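**Q** for reference, the sequence and a predicted model appear below.
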Amino acid sequence: MDRTTASFVDGIGAAAATSGILTQQQGRIFALLYLQDSSLSLEEIAAELEQSKSNVSLNIRVLVEWHLVRRKPVAGSRKDHYEAAKDFFRAMQEIFERRFRWTVRQVVAAIKETKAAAPRAGLSRDRVAFLNARLDALAAFFSLVDTGIGMFVEGKAFPADQLRNVIPLDLTGRTTRR
């Protein structure tokens, strides 16, 4: 692998490792394929990255599932060949829907459970009111994020400035006006 490609492969691998979505190896495989002008077989990928074929095979399955890599038949070859996705919008739609939206919905569910439990927890009325105010603000923000992800996944425009208009709280838990 030439130095330029190696630099890109290592950089994308490092970025993937911190993404929480892909591993470093998956990022490296994607980067290698992205800079190729033709598809590569598992053996070729493994040789370029100095990894075992089985390791590459396991990691490439994830990339195919995320729509970041696709199989490409090569005439006259019985081997699987792969190429990197070039439709980043579609790939990001998949990632947002499957990864980020699920996380956002976990937060919304935790908020609902906490709000339901607070009145039965033997807390003072003031404490329950404080918790509800904080949880309502958080719920408003994450519900808007969930809506935004849905719009993005459907290919619709989302006015991001709406996120800034969610009712902010000061440190005491009282609502503040802008």
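**A** Now that the structure is in, tell me what you want to look at.

**Q** which residue ranges form the strands in the protein?
**A** Taking DSSP state E as the criterion, the chain carries its strands at 40-41, 69-71, 81-84.

**Q** reformat these as TSV; add mean neighbour count.
**A** Yep, even glycine has a C-beta here, placed from its N, CA and C like the rest. As requested, the strands of the chain are exported to TSV (neighbours: other Cβ atoms under 10 Å):
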stretch	mean neighbour count
strand 40-41	20
strand 69-71	18
strand 81-84	19
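
**Q** among the ones you listed, which comes closest to Arg98?
**A** strand 69-71 (15.8 Å; Cβ to Cβ).

**Q** ok, residues contacting the closest one?
**A** If you take Cβ atoms under 8 Å, 6 or more residues apart in numbering as the criterion, strand 69-71 is touched by Ile29, Phe30, Leu33, Ile60, Leu63, Val64, Asp80, His81, Tyr82, Glu83, Ala84, Ala85.

**Q** now swap in stretch 22-34 and tell me
**A** 1, 5, 8-17, 19, 39-40, 45, 48-49, 51, 55-56, 59-60, 62-63, 66, 68-69, 82-84.

**Q** just the buried subset of those, written out for ChimeraX, thanks.
**A** Filtering those down to the buried ones (16 or more other Cβ atoms under 10 Å) takes a single ChimeraX command:
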select :8,9,12,13,16,39,40,45,48,49,51,56,59,60,62,63,66,68,69,82,83,84
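
**Q** which parts of stretch 83-95 are buried?
**A** Of the residues in stretch 83-95, those buried (16+ other Cβ under 10 Å) are Glu83, Ala84, Ala85, Ala91, Gln93, Glu94, Ile95.

**Q** mean confidence for that stretch?
**A** Across stretch 83-95, pLDDT averages out at 83.

**Q** could you do stretch 56-66 as well?
**A** 94.

**Q** which residues sit in contact with Lys72?
**A** Contacts of Lys72 (Cβ under 8 Å, 6+ apart): Ser39, His81, Tyr82, Glu83.

**Q** biggest separation within those, which pair?
**A** Of all pairs in the contacts of Lys72, the most separated under Cβ to Cβ is His81 and Glu83 at 7.3 Å.
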